[in-house]
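Colleague: give me a 3D structure for the following:
(chains A and B)
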Amino acid sequence: MIAKLFTPNKEIPKMFYTSAGFLTFIIFLLIWSVLSYGQIVNPLFLPTPTDVLTTAVDLFVNGEILSDIGISFTRVLFGFLAAAIIGIPLGILMGSLRIMEGAFEPIIGFIRYMPASAFIPLLILWIGLGETEKMSVIFLGTFFQLTLMIMDVTKNVQNDLVDVSYTLGAKKAQVFTKVILPASLPGIVDTLRITFGWAWTYLVVAEIVGASSGLGYMIMQASRFLQPDKIIVGILIIGILGLITDILFKAIYKASFSWMRKDGF
Amino acid sequence: MVTPQLKVKERENIVEPKRSESIISVTGTPKLEIKEVGKVFKTKKGETTALEKTSFSIEDGEFVTILGPSGCGKSTVLRIVAGLEEATSGKVLLDGQEIHGPGPDRGMVFQSYTLFPWLSVKDNITFGLKLKGVSNKERDNIARHYLQLIGLEGFENHFPIQLSGGMKQRVAIARALANDPKILLMDEPFGALDAQTRNIMQEVLLKAWEESKKTILFITHDVDESIFLADSVYVMTARPGRLKKKVPIELERPRDFSVKATVEFAEYKDELLSLIRDESLKAIK
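Modeller: Alright, predicted model coming up:
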């Protein structure tokens, strides 16, 4: 049995798989507990798990964190929506029309290597410190990757499907709406799921510089006032929010694309 | 009483492959005419002739197979007729009209599985009808008819992922026929199937052909398949592709698998095998 667990590419019982995941979490908590409860690390730098938990409960009970979550979520959502609304159609066109790929792929491929965070000073100069600036950072962080990923998804639509639709009488516009779009839809939803995750990481960058609200701001303030427990709560909340949106996207995927599964459900 | 051996001799006299005109039939306007169609690909190393100037024609309701080694340009001919590729020279006439680009009058079945995976079997079959604006009720009727023809009643709400390879190709045939094209083009449609399924599919196709009376142009590299299905087999040469010979198949119809065990079948097979062997040898050199 032990030998089987360490054979490459070998399937193992599901129970072992799940337990291994739990075990890693427990070991992680154990190390944290030993370091913090055992006073091996100064509590000023590493609070105990119970400290973090009570701080989290306090923050939720007095409600101050809820408005931060709301503000952060709005920023992520709108910045990301703007990226998706422009990026999806552009990506589809780039993936299916060579002229569009030729026109946009080089410039997008270039800009995506520029760090979005480095644009913040420029954005502040251009549009100030308001909400638009925060959303713009998230937009810049996700738009270029998203567009290129949608382009790849669209490019991978089997050419024979396009050909066969022509022989069935489809016109060019119908090839987009009846073939390319439905064929690439699962890939598009998956791309949105992945890039939405990245949007959360850019949120913190956007809120650390020149913000007065939001989870990133809360983390920054907690650092100034030496409250590591609050920092950890902020990080955990962002992680959990990201996880929830990921699960939501997966649920949408599962509900919408039953045709991709053999059982049809 | 004419012996089969003599028949072969006669055919050799009738068909002179190098003179393309000789292959054009004599009775009225043919369904499909391919006139001096050639294809040259431009590559970095210069020009490659995929298809030498080729002419032939197909009668209304005729079942024609093109038999050739891989890479001989037989798919190129079909894709040019479908309008999916442009010929470098010559033209293709369907019912006397020159074709430009792809259209629903030329249905096609590909070797790869090309059912739309997000559509049910029924919606796949009626895809072209829906584009044409055929009413919901009529679409249902047509779908039912073709589902029955290909023997897949009860599968209308299945998705392609739930079907076997043979079933997928049956639906692809039904989808092409449901659109009522003037000619059905088939590009090695059973090439990816195992031998047993392939035999069954050939019979399914013959049944569908006899019922629908469609003109069919069918590409294959399988000698048995080309004889079993066809009224005429065209043998193609290795690259650059050229029609080498037309072999009319005078086996009785309707045919079933038992015809493959007859002496006549074996003689056709011998003849075609020797024709194609030369070409296959050339192709692998």
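Colleague: CA atoms for contacts and neighbours, from now on please.
Modeller: OK.
Colleague: next one: residue A:151 from chain B, what distance?
Modeller: Distance of residue A:151 to chain B, computed by Cα to the nearest Cα, to the nearest Å: 20 Å.
Colleague: and residue 182, how many neighbours does it have?
Modeller: Unless you meant another one, I'm taking chain A. 17 (other Cα atoms under 10 Å in any protein chain shown).
Colleague: meant chain B, my bad for not saying
Modeller: 20.
Colleague: tell me who's in contact with it.
Modeller: B:105, B:106, B:107, B:214, B:215 (Cα atoms under 8 Å, 6 or more residues apart in numbering or on different chains).
Colleague: so which of the residues you listed are also by chain A?
Modeller: Contacts with chain A within the contacts of residue B:182, counted by Cα under 8 Å from any Cα of the partner chain: B:105, B:106, B:107.
Colleague: which one (most neighbours) among those?
Modeller: residue B:107 (29 neighbours).
Colleague: sorry, back to before: now render the contacts of residue B:182 as a markdown table, adding secondary structure and pLDDT.
Modeller: What follows is the contacts of residue B:182, written out as a markdown table (DSSP: H, G, I helix; E, B strand; the rest coil; pLDDT from 0 to 100):
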| residue | secondary structure | pLDDT |
| --- | --- | --- |
| B:105 | coil | 95 |
| B:106 | strand | 97 |
| B:107 | strand | 96 |
| B:214 | coil | 94 |
| B:215 | strand | 96 |
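Colleague: mind jotting down where the helices sit in the stretch 1-150 of chain B?
Modeller: In the stretch 1-150 of chain B, the helices defined using DSSP state H, counting those that start in this stretch lie at B:4-14, B:74-82, B:121-125, B:127-132, B:136-149.
Colleague: hey, which of these is tucked in deepest?
Modeller: helix B:121-125 (a mean of 26; mean count of other Cα atoms under 10 Å in any protein chain shown).
Colleague: please name every helix or strand in contact with it.
Modeller: When contacts are defined as 3 or more Cα pairs under 8 Å, 6 or more residues apart in numbering or on different chains; DSSP states H and E, helix B:121-125 sits against helix B:165-178.
Colleague: what comes into contact with the helix it packs on?
Modeller: Under Cα under 8 Å, 6+ apart, the answer for helix B:165-178 is A:168, B:107-109, B:113-115, B:121, B:124-129, B:142-143, B:146-147, B:150, B:152, B:160, B:184, B:189-190, B:192-193, B:197-198, B:201, B:212.
Colleague: just checking, next helix/strand downstream of it?
Modeller: The C-terminal neighbour of helix B:165-178 among helices and strands, as given by DSSP states H and E, is strand B:183-187.
Colleague: and residue B:236, bridged to which residues?
Modeller: residue B:243 (DSSP bridges).
Colleague: so it versus residue B:50, what's the distance?
Modeller: Separation of residue B:236 from residue B:50 (Cα to Cα, to the nearest Å) stands at 12 Å.
Colleague: and those two? Which one has more around it.
Modeller: Using other Cα under 10 Å as the criterion, residue B:236 and residue B:50 rank with residue B:236 on top: 25 against 21.
Colleague: for that one, which residues are in contact?
Modeller: By Cα under 8 Å, 6+ apart, the neighbours of residue B:236 are B:66, B:67, B:68, B:69, B:72, B:74, B:242, B:243, B:244, B:245, B:276.
Colleague: which parts of chain B sit against chain A?
Modeller: Of all the residues in chain B, those lying near chain A are B:82, B:84, B:102-110, B:112, B:114-119, B:127-128, B:131-132, B:159-162, B:176, B:179, going by Cα under 8 Å from any Cα.
Colleague: what residues of the longest helix seen in chain A count as buried?
Modeller: In chain A, with assignment by DSSP state H, the single longest helix is helix A:64-96. Neighbour counts over helix A:64-96 (16 or more other Cα atoms under 10 Å in any protein chain shown) mark A:65, A:68-69, A:71-73, A:75-84, A:87-88, A:90-96 as buried.
Colleague: rewinding a little: which one of the contacts of residue B:236 is nearest chain A?
Modeller: residue B:74 (17.1 Å; Cα to the nearest Cα).
Colleague: so what pLDDT did that closest one get?
Modeller: Residue B:74 is assigned 87 on the pLDDT scale.
Colleague: the one 10 residues further on now?
Modeller: pLDDT, residue B:84: 95.
Colleague: cool, residue B:14 as well?
Modeller: In this model, residue B:14 carries a pLDDT of 42.
Colleague: please apply the same query to the one 10 residues further on.
Modeller: Residue B:24 carries a pLDDT score of 46 in this model.
Colleague: repeat for residue A:240
Modeller: 93.
Colleague: sec struct for it, please.
Modeller: What DSSP: H, G, I helix; E, B strand; the rest coil gives for residue A:240 is helix.
Colleague: how close does residue A:8 get to residue A:180?
Modeller: 38 Å.
Colleague: neighbour count winner among the two?
Modeller: residue A:180 (24 against 7).
Colleague: residue contacts, the more buried one?
Modeller: Residue A:180 neighbours (Cα under 8 Å, 6+ apart): A:154, A:157, A:162.
Colleague: thought the second one was touching residue A:184?
Modeller: Yes. Residue A:157 is within contact range of residue A:184, at 6.6 Å (criterion: Cα atoms under 8 Å).
Colleague: find the closest residue to chain A in the stretch 1-150 of chain B.
Modeller: residue B:104 (4.4 Å).
Colleague: ok, that residue - how many residues close by?
Modeller: Neighbours of residue B:104 using other Cα under 10 Å come to 23.
Colleague: quick one: it and residue B:185 touch, right?
Modeller: No. Counting by Cα under 8 Å, residue B:104 does not reach residue B:185; the two are 11.4 Å apart.
Colleague: what sits up against the strand or helix carrying residue A:21?
Modeller: Element membership of residue A:21, judged by DSSP H and E, is helix A:14-37. With contact meaning Cα under 8 Å, 6+ apart, helix A:14-37 is reached by A:40, A:41, A:42, A:43, A:46, A:47, A:48, A:49.
Colleague: of those, select the buried ones using a ChimeraX command.
Modeller: To isolate the buried members of the contacts of helix A:14-37 in ChimeraX, using 16+ other Cα under 10 Å:
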select /A:43,46,47,48,49
